[in-house]
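Peer 1: what would the 3D arrangement of this be:
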Amino acid sequence: MPDLLITPGSLLDRIRRKVRQLAGRPDPSPWVLYPHRPAAARGRIDFVIALDYMTMNGGMIDQLHRAMSRYGLSTLLVNRQNVDRVLRLARLGRIRPAVFLDLCSTRNDPYEQLLHTLADQGVHTLRDPSQTKWIVKASAHRLLQPHVPVPPTVVFAKEEADRDLTVAERELLGDRVAIKPSCGGAGRGVRLNVEPTLQNIADARAQDRSDDWLVQRMMPFVMLGDRIGYFRLYNVLGHLNVMWWSPSDHHYATFTWADLDRYRLWPLLGIAHRIAQITRMEYFSVEAAYTGEEGPHRLCLIDYVNDQCDMDAFNPGCPPPEWTAWVCERLALRTYQVKHRIAVEEQCSVTLAGAPPVALRDLPMDIDADLANRADAKIFGSERT
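Peer 2: Below you'll find the predicted structure:
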């Protein structure tokens with residue numbers, strides 16, 4: 001594919017990029033990252049990652065390149081500089097990687113079109129287009145509600161007029177709510193800890209009338225020792241993982257097996273496992289809080305399924321670099337397996353704090369024991385998929 005992209009293998013290209021970096025104007029244009037081994041074949045793209053903020057994620061891209069290189073795999077970075085060209089070549093069948101990971105698409109944008117194009121051609125996409133309903137908050141709420149604890153919620157469909165909440169809805173939601181768009185991400189459009197008044201709901205929805213909106217009870221979260229009882233739960237290609245996370249400063253901290261025991265947080269793994277089972281998604285994160293309440297909302301989802309997991313490295317408010325390196329290693333292994341048609345036994349394990357993985361069947365307790373049947377939970381408003 002000689003017309004595809006710049007390749008960092010040439011001396012002139014490396015010099016040009018270095019000069020621009022020293023001048024304070026780094027070149028954000030993408031490249032194909034080939035394996036470090038000089039005998040590696042050129043021209044074949046094995047792994048494609050869509051990531052539209054490359055400069056911030058330079059450390060992660062380096063870790064990904066190293067992980068892929070160990071398996072002799074090449075990586076293509078897709079960002080705003082080349083997404084239109086890559087989409088055009090994909091539609092012509094000239095780019096067909098083993099695996100595609102989308103970390104930046106929004107509704108109907110070129111990255112989402114690239115996902116659909118590659119999936120239609122049989123590429124292993126880490127979110128299948130049929131799974132999009134799980135990353136749309138309105139449909140995810142309806143689908144997850146029977147299975148895992150979710151906040152009491154009123155859904156306003158996009159075609160629905162602004163209105164006051166009913167008495168029953170006010171009783172369900174309480175005095176303070178979060179108002180969020182169904183297709184939002186990275187906190188865009190979200191209003192936290194506001195009264196559920198007609199004016200507040202209308203002002204929030206005015207930001208995007210083409211989307212559904214959720215009005216949710218503002219769930220509390222309490223301290224556990226010296227940490228906020230707030231977590232990010234992950235499924236990384238069959239490995240369940242938990243991180244402490246602070247919603248105020250986005251600070252991550254390693255979560256250990258001792259934390260599970262000390263604070264009776266085993267149901268966190270049950271929540272992640274249940275979501276992995278029902279969504280069939282290979283790579284996602286969710287946010288959950290320890291509320292301190294008695295009953296099924298003691299541990300509660302706060303934000304729903306996110307397929308664009310935060311993988312920044314070596315930047316403030318990012319996961320630890322060793323965590324990102326571990327994820328990159330898992331992605332490289334899966335790409336190698338897909339490329340060489342190696343059958344993968346479906347299994348699920350838990351990996352915490354860099355310790356060896358433990359199969360679910362070998363855990364000392366039933367992680368689903370505290371997940372009560374959610375069939376009696378209530379949802380008001382539209383139930384559109």
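
Peer 1: R209: which element?
Peer 2: Assigned by DSSP states H and E, R209 falls within no helix or strand.

Peer 1: name the nearest residue to it, sequence neighbours excluded.
Peer 2: Nearest residue to R209 in three dimensions, chain neighbours excluded: K158, at 6.5 Å (CB to CB, 6 or more residues apart in numbering). C-beta: built from backbone N, CA, C; applies to glycine.

Peer 1: what's the burial count for that neighbour?
Peer 2: Other residues lying near K158 total 16 when counted by other CB atoms under 10 Å.

Peer 1: assumed I61 was part of a strand.
Peer 2: No - assigned with DSSP: H, G, I helix; E, B strand; the rest coil, I61 falls outside any strand and is helix.

Peer 1: wait, it sits on L77?
Peer 2: Yes - using CB atoms under 8 Å, I61 is in contact with L77, at 6.5 Å.

Peer 1: neighbour count: those two, which is higher?
Peer 2: Neighbours per residue, other CB under 10 Å: of I61 and L77, the larger number sits with L77, 24 against 21.

Peer 1: so which strand or helix has K18?
Peer 2: If you go by DSSP H and E, K18 is part of helix 11-22.

Peer 1: that should have said W244, apologies.
Peer 2: Using DSSP H and E, W244 falls within strand 239-245.

Peer 1: tell me what that strand is packed against?
Peer 2: strand 230-236, strand 252-254, helix 257-262, helix 266-279, helix 321-339, strand 349-350 (3 or more CB pairs under 8 Å, 6 or more residues apart in numbering; DSSP states H and E).

Peer 1: using PDB, list the CA coordinates for it.
Peer 2: Provided in PDB are the C-alpha atoms of strand 239-245 (Å, rounded to 0.1, in the frame of the first residue of the first chain):
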ATOM      1  CA  HIS A 239      -9.900 -10.600  32.300                       C
ATOM      2  CA  LEU A 240     -11.900  -8.700  34.900                       C
ATOM      3  CA  ASN A 241     -10.100  -5.800  36.600                       C
ATOM      4  CA  VAL A 242     -10.900  -3.100  39.100                       C
ATOM      5  CA  MET A 243      -9.300   0.300  39.700                       C
ATOM      6  CA  TRP A 244      -9.900   2.900  42.400                       C
ATOM      7  CA  TRP A 245     -11.000   6.100  40.600                       C
END
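
Peer 1: what helix or strand is V32 on?
Peer 2: Assessed by DSSP H and E, V32 sits inside strand 32-33.

Peer 1: now the helix or strand following that strand: average pLDDT?
Peer 2: Of the helices and strands lying after strand 32-33 in sequence (DSSP H and E), the nearest is strand 47-50. Mean pLDDT, strand 47-50: 95.

Peer 1: show me what strand 47-50 is in contact with.
Peer 2: When contacts are defined by CB atoms under 8 Å, 6 or more residues apart in numbering, strand 47-50 is touched by residues 64, 68, 73-79, 83, 86, 95, 97-105, 111, 114-115, 118, 331-332, 335.

Peer 1: L51: which of the helices and strands packed on strand 239-245 is closest?
Peer 2: Between L51 and these, the shortest gap by CB to CB is with helix 321-339, which sits at 12.6 Å.

Peer 1: contacts for the closest one?
Peer 2: 46-47, 59-60, 63-64, 66-68, 70-73, 98-99, 101, 124, 236-237, 239, 241, 243, 252, 254, 282, 309, 311-314, 318, 342, 344, 351, 354.

Peer 1: give me the buried subset of those.
Peer 2: 46-47, 59-60, 63-64, 66-68, 71-73, 98-99, 101, 124, 236, 239, 241, 243, 252, 282, 309, 311-313, 318, 351 (16 or more other CB atoms under 10 Å).

Peer 1: give me the neighbour count for the residue lying closest to R262 once chain neighbours are set aside.
Peer 2: Sequence neighbours aside, G225 is the residue nearest to R262 in space, at 7.6 Å (criterion: CB to CB, 6+ apart). The number of residues packed around G225, counting by other CB under 10 Å, is 8.

Peer 1: G225 and Y263, how far apart?
Peer 2: Distance, G225 to Y263, using CB to CB, to the nearest Å: 8 Å.

Peer 1: returning to what we had before: tell me which of the helices and strands packed on strand 239-245 is the most buried.
Peer 2: Among those, strand 230-236 has the highest mean neighbour count (mean count of other CB atoms under 10 Å), at a mean of 22.

Peer 1: so what's D208 up against?
Peer 2: 181, 189.

Peer 1: report pLDDT for it.
Peer 2: 93.

Peer 1: what's the answer for the one 10 residues further on, then?
Peer 2: Reading off the per-residue confidence, M218 sits at a pLDDT of 95.

Peer 1: likewise P321?
Peer 2: pLDDT, read off for P321, is 89.

Peer 1: against D312, how distant is it?
Peer 2: Counting by CB to CB, the gap from P321 to D312 is 10 Å.

Peer 1: common neighbours of those two, please.
Peer 2: Jointly contacting P321 and D312 under the rule CB under 8 Å, 6+ apart are G59.

Peer 1: ok, back up a step: for the residue nearest to R262, what are phi and psi?
Peer 2: Per-residue torsions, G225: phi 70, psi -130 (degrees, to the nearest 10).

Peer 1: was I right about R107 contacting C183?
Peer 2: Yes - under the criterion of CB under 8 Å, R107 makes contact with C183 at 5.7 Å.

Peer 1: which one's more surrounded, those two?
Peer 2: Neighbours per residue (other CB under 10 Å) separate R107 from C183, with C183 holding more: 18 against 10.

Peer 1: no further questions, thank you.
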